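Student: Take a look and give me a structure for this.
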Amino acid sequence: MSDSIRFHYLIETPGDPEAMAVKIATDQSTGTFTDLPNETADVKSRCAARVISVEELEPLARPSWPDDHPGPFRRARISIDFPLESIGTDFAALQTIGISALYATRGLSGARLLDIDLPGAYACHPGPQFGIEGSYRMCGRPWPGQAPLIASIIKPSLGLLPEETAGMVRQLCEAGVDFIKDDEKLTSPAYSPFDERVKAIMRVIEAHADKTGKKVVYAFGLSSADPEEMARRQDVVMAHGGQAAVVNINSIGFGGMTYLRRRTGLALHAHRNGWDLLTRHPAIGMAFRPWQKIWRLLGVDQLQINGIAAKYWEPDESFLQSFRDMAEPIFSESDRALPVCGSGQWGGQAPATFAGTGGALELMYLGGGGIHGHPLGLGAGVSAIRQAWEAAIAGISLQDHAKTHPELAVSLAKFGKKAG
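Tutor: As a prediction, this is how the structure comes out:
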């Protein structure tokens with residue numbers, strides 16, 4: 001079993017990429033800008049990073065970061081091994097040594113983390129508590145999954161009073177939705193204090209369960225910069241019979257996530273807001289692949305990855321690559337988290353999502369405006385998305401399926417321009 005952590009980087013420099021790779025390995029482990037009397041052979045053998053490979057790519061005429069050199073700017077994929085002994089299994093140490101220090105390196109005009117190969121020692125992290133299978137079972141849906149979990153976000157995102165939110169939850173429950181969540185922007189504002197919102201919503205959830213036998217899962221936005229307050233909020237949710245929480249993982253950080261995962265019994269639905277800053281430039285920041293490995297091992301059960309024809313910046317291939325990354329186990333099947341398709345999803349993207357993911361059925365399909373904005377109401381919005389997925393799975397065009405499914409027909413009429 002490996003005793004090293006391998007980092008794969010994309011670097012860009014006006015100098016020699018091989019020399020830069022050595023500089024990165026040296027500066028981020030035992031060395032500095034000058035010789036050190038205590039940097040002995042023993043110290044190097046135990047803790048020095050080693051360059052494993054340098055693969056040079058086509059150069060660029062212009063730098064990715066501002067740079068006064070005339071160019072060209074040479075690019076390379078490089079791999080560097082850090083001894084496990086030098087970093088350990090703490091993700092804060094891994095972030096500091098193997099990721100953050102990279103961006104401060106003099107002589108780089110671009111730097112991006114492409115991947116991390118983690119040794120078996122990192123299996124010490126708890127991983128998802130529920131994951132894909134647990135999410136399906138919690139929602140009362142067949143396992144193995146036979147269709148996506150259909151979920152909704154409360155809209156408008158901000159401004160609704162607790163009882164107003166509860167009224168919308170009642171309609172969504174009656175529509176047969178599997179999962180409902182607070183928008184990531186909603187935590188505990190003055191107009192909707194967290195405790196009051198939980199009480200109002202869980203009364204509706206429990207009443208529906210008593211009537212129908214189906215307990216719809218609601219994820220409450222409990223993120224806070226104060227871990228103790230976040231833990232208190234999860235206690236409130238659990239005391240009222242709640243089953244899930246929305247966690248803004250970049251906002252609470254590794255420490256907040258570790259603290260919450262250690263003590264919670266809730267399924268943790270992760271929103272990745274802020275990740276875009278890390279990844280939008282193709283030569284800077286980090287790819288989704290290494291980033292999601294860390295959060296999965298820290299314990300997220302469900303992770304939003306946008307979707308086809310998203311309302312945000314992300315191109316379809318980026319979403320599909322994110323889906324493929326999440327499909328791969330890190331150490332075992334149990335560390336896979338449920339991929340959540342969101343951002344402007346209304347049903348029209350179901351065929352492309354089904355095809356692009358290779359016919360995947362184990363995912364959550366999250367509709368906000370695509371449900372709440374349906375002209376016939378919330379119930380029709382949920383039905384239209386289910387009908388779109390029925391058509392996609394059966395290989396029937398949405399237009400043909402809509403001939404006998406009026407909810408889908410109305411959805412196509414309103415949102416159809418987004419289907420292309």
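
Student: ranges for the helices of the stretch 1-150 of the chain?
Tutor: 17-27, 41-47, 84-87, 91-94, 131-138 (DSSP state H, counting those that start in this stretch).

Student: where along the stretch 251-400 of the chain do the strands fall?
Tutor: Remark: strands assigned in the stretch 251-400 of the chain by DSSP state E, counting those that start in this stretch are 267-271, 284-286, 302-304, 338-341, 364-367.

Student: of those, which approaches E229 most closely?
Tutor: The minimum distance between E229 and the strands of the stretch 251-400 of the chain falls on strand 267-271, with 16.4 Å, by C-beta to C-beta. Bear in mind the C-beta positions are built from the backbone N, C-alpha and C, glycine included.

Student: would you put the C-alpha positions of the closest one in PDB?
Tutor: What follows is strand 267-271, C-alpha atoms only, in PDB (Å, rounded to 0.1, in the frame of the first residue of the first chain):
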ATOM      1  CA  ALA A 267     -28.100  13.200   5.800                       C
ATOM      2  CA  LEU A 268     -25.800  16.000   4.700                       C
ATOM      3  CA  HIS A 269     -26.800  17.600   1.400                       C
ATOM      4  CA  ALA A 270     -23.800  19.600   0.300                       C
ATOM      5  CA  HIS A 271     -24.000  22.800  -1.700                       C
END
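
Student: Number of residues surrounding A391?
Tutor: Per other C-beta atoms under 10 Å, the neighbour tally for A391 reads 22.

Student: and the strands of the stretch 251-400 of the chain as TSV, adding distance to A392?
Tutor: As requested, the strands of the stretch 251-400 of the chain are arranged in TSV below (distance: least, C-beta to C-beta, whole Å):
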stretch	distance to A392
strand 267-271	24
strand 284-286	32
strand 302-304	20
strand 338-341	12
strand 364-367	10
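
Student: Can you say which of those strands is nearest to A200?
Tutor: Using C-beta to C-beta, the nearest of these to A200 is strand 267-271, at 19.7 Å.

Student: helices and strands around that closest one, which ones?
Tutor: Counting contacts by 3 or more C-beta pairs under 8 Å, 6 or more residues apart in numbering; DSSP states H and E, strand 267-271 is packed against helix 131-138, strand 217-221, strand 244-248, helix 249-263, strand 302-304.

Student: relative to strand 267-271, how tilted is the third one?
Tutor: Per axes from the mean of the first three to the mean of the last three C-alpha atoms, to 10 degrees, the angle that strand 244-248 makes with strand 267-271 is 30 degrees.

Student: The longest one now?
Tutor: Helix 249-263 and strand 267-271 meet at an angle of 170 degrees, taking the same axes, to 10 degrees as the criterion.

Student: buried stuff in helix 249-263?
Tutor: For helix 249-263, a neighbour-count test (16 or more other C-beta atoms under 10 Å) marks I249, N250, I252, F254, G256, M257, T258, Y259, L260, R261 as buried.

Student: Repeat that for the first one.
Tutor: Along helix 131-138, the positions that meet the burial threshold by neighbour count (16+ other C-beta under 10 Å) are G131, I132, E133, G134, S135, Y136, M138.

Student: Model confidence at the last one, what's the number?
Tutor: Just to be clear, that refers to M138. At M138, the model reports a pLDDT of 97.

Student: Run through the residues that contact it.
Tutor: F130, V217, Q243, A244, A267 (C-beta atoms under 8 Å, 6 or more residues apart in numbering).

Student: How about the third one?
Tutor: Going by C-beta under 8 Å, 6+ apart, E133 touches W143.

Student: same thing with M286?
Tutor: Each residue near M286 by C-beta under 8 Å, 6+ apart is listed here: I99, R112, L113, L114, L278, T279.

Student: Of those, select the buried ones using a ChimeraX command.
Tutor: Buried residues among those (16+ other C-beta under 10 Å), as a ChimeraX selection:
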select :99,112,113,278,279
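
Student: wait, which of the contacts of M286 is closest to A147?
Tutor: T279 (30.2 Å).

Student: The closest one: what's it in contact with?
Tutor: T279 neighbours (C-beta under 8 Å, 6+ apart): G285, M286, A287, F288, W291.

Student: Throw those residues into JSON lines and include distance to E206, thanks.
Tutor: JSON lines is the format used below for the contacts of T279 (distance: C-beta to C-beta, whole Å):
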{"residue": "G285", "distance to E206": "44"}
{"residue": "M286", "distance to E206": "42"}
{"residue": "A287", "distance to E206": "42"}
{"residue": "F288", "distance to E206": "37"}
{"residue": "W291", "distance to E206": "37"}
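
Student: quick one, domains of this protein?
Tutor: 4-124, 131-419 (automatic domain parsing).

Student: Deepest-packed of those domains, please.
Tutor: domain 131-419 (a mean of 19; mean count of other C-beta atoms under 10 Å).

Student: E85: which of the helices and strands packed on strand 267-271 is closest?
Tutor: It's helix 249-263; of the helices and strands packed on strand 267-271, that one is closest to E85 (C-beta to C-beta) at 20.7 Å.

Student: tell me, what residue is most central in this protein?
Tutor: With distances taken as C-alpha atoms, centre = their mean, L303 lies nearest the centre of the chain, 3.8 Å away.

Student: Contacts only, for it.
Tutor: Going by C-beta under 8 Å, 6+ apart, L303 touches A270, R272, Q292, W295, R296, M326, A337, L338, P339, V340.

Student: Make JSON lines from those and add distance to F73 and pLDDT to it.
Tutor: Converted to JSON lines, these look like this (distance: C-beta to C-beta, whole Å; pLDDT from 0 to 100):
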{"residue": "A270", "distance to F73": "35", "pLDDT": "98"}
{"residue": "R272", "distance to F73": "30", "pLDDT": "93"}
{"residue": "Q292", "distance to F73": "29", "pLDDT": "98"}
{"residue": "W295", "distance to F73": "32", "pLDDT": "98"}
{"residue": "R296", "distance to F73": "34", "pLDDT": "98"}
{"residue": "M326", "distance to F73": "33", "pLDDT": "97"}
{"residue": "A337", "distance to F73": "37", "pLDDT": "98"}
{"residue": "L338", "distance to F73": "40", "pLDDT": "98"}
{"residue": "P339", "distance to F73": "35", "pLDDT": "98"}
{"residue": "V340", "distance to F73": "37", "pLDDT": "98"}
